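S.K.: the following comprises the amino acid sequence and a computationally predicted model.
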Amino acid sequence: MKPLALFGGTFDPVHLGHLSVAWEAAELLDAEVRLMPANVPPHKPAPLANAEQRVAMLHAALQKQGRLAVDTRELRRGGPSYTYDTLCELRAEVGARPLVLLLGVDAFAGLPSWHRWRELFEVAHLGVLSRPGVEPELPHTLWTEIEARRTDDVAELHAHPAGCVIELAVTPLEISATRIRELLAAGRDPRYLLPCGLFEDPALLAPYRRT
Ligand code: ATP
């Protein structure tokens, strides 16, 4: 069975950096990829767009393709979005199907501060996405935990439900939601950093514009 891969984030707003890596991860892993907006990100300030607005942007971004989908379970569940809880919920739904948590390398380096981080490997594989200009030093505890789990063989991830760590070399796109929010607040039009679906309805980007 094809793995189910989850790409969580704030998506405030979703941009072509997210979509491009999610798409390439789907190809590299031969997996179904779901983008999963976080409700209350435990590590970040509150998003500018509310949950409904972020989901509307994701749906607008994912039109006319069948490879990437949106999963709103963390928004429906409410409260803080602990990835461990989400993966356990998914594990109960999918049985032995491989689950892959996709993380940018910057998020991966911060993993030891996450709720029940060592137990994540019992419920999912980890796919670490390379990110331009970001080559963080990995903490020693993280190295120790992943040493025996690292693989470069996608077949390993198809053969087991959880427990491997694979690096996914994706095409670098130096785009961040922070920069896009700055540009929109300054009255600029970052047309080719965002999926064109986000420009179809002016209400979608309104949370970031200063009127
Ligand atoms: P912000 O600038 O607000 O911090 P962001 O652009 O990093 O936002 P998030 O929604 O926080 O976007 O990111 C979700 C996931 O996408 C994280 O794992 C992050 O590392 C990854 N990611 C974001 N932008 C890129 C990019 N350009 N290339 C690769 N991965 C990315």
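M.R.: Structure received.

S.K.: residue 150 bridge partners, please.
M.R.: Beta bridges link residue 150 to residue 165, judged by DSSP bridges.

S.K.: start at 19 instead
M.R.: Renumbered: residue one is now 19, and that last one reads residue 168.

S.K.: I'd like to know how far it sits from the ligand.
M.R.: 19 Å (C-beta to the nearest ligand atom, to the nearest Å). (C-beta placed from N, C-alpha, C; glycine too.)

S.K.: report the contact partners of that residue.
M.R.: Applying C-beta atoms under 8 Å, 6 or more residues apart in numbering, we find residue 168 in contact with 182, 183, 184, 185.

S.K.: what separation do you get for it and residue 152?
M.R.: Distance, residue 168 to residue 152, by C-beta to C-beta, to the nearest Å: 19 Å.

S.K.: equivalent analysis for residue 73, please.
M.R.: Distance, residue 73 to residue 152, by C-beta to C-beta: 27 Å.

S.K.: looking at these two, which is more packed in?
M.R.: More crowded of residue 73 and residue 152, by other C-beta atoms under 10 Å: residue 73, with 18 against 15.

S.K.: once you drop chain neighbours, what's closest to the more buried one?
M.R.: Excluding its sequence neighbours, the residue lying closest to residue 73 (C-beta to C-beta, 6 or more residues apart in numbering) is residue 90, at 5.8 Å.

S.K.: need the contact list for that neighbour.
M.R.: 54, 55, 73.

S.K.: next step: those restricted to helices.
M.R.: residue 73 (DSSP state H).
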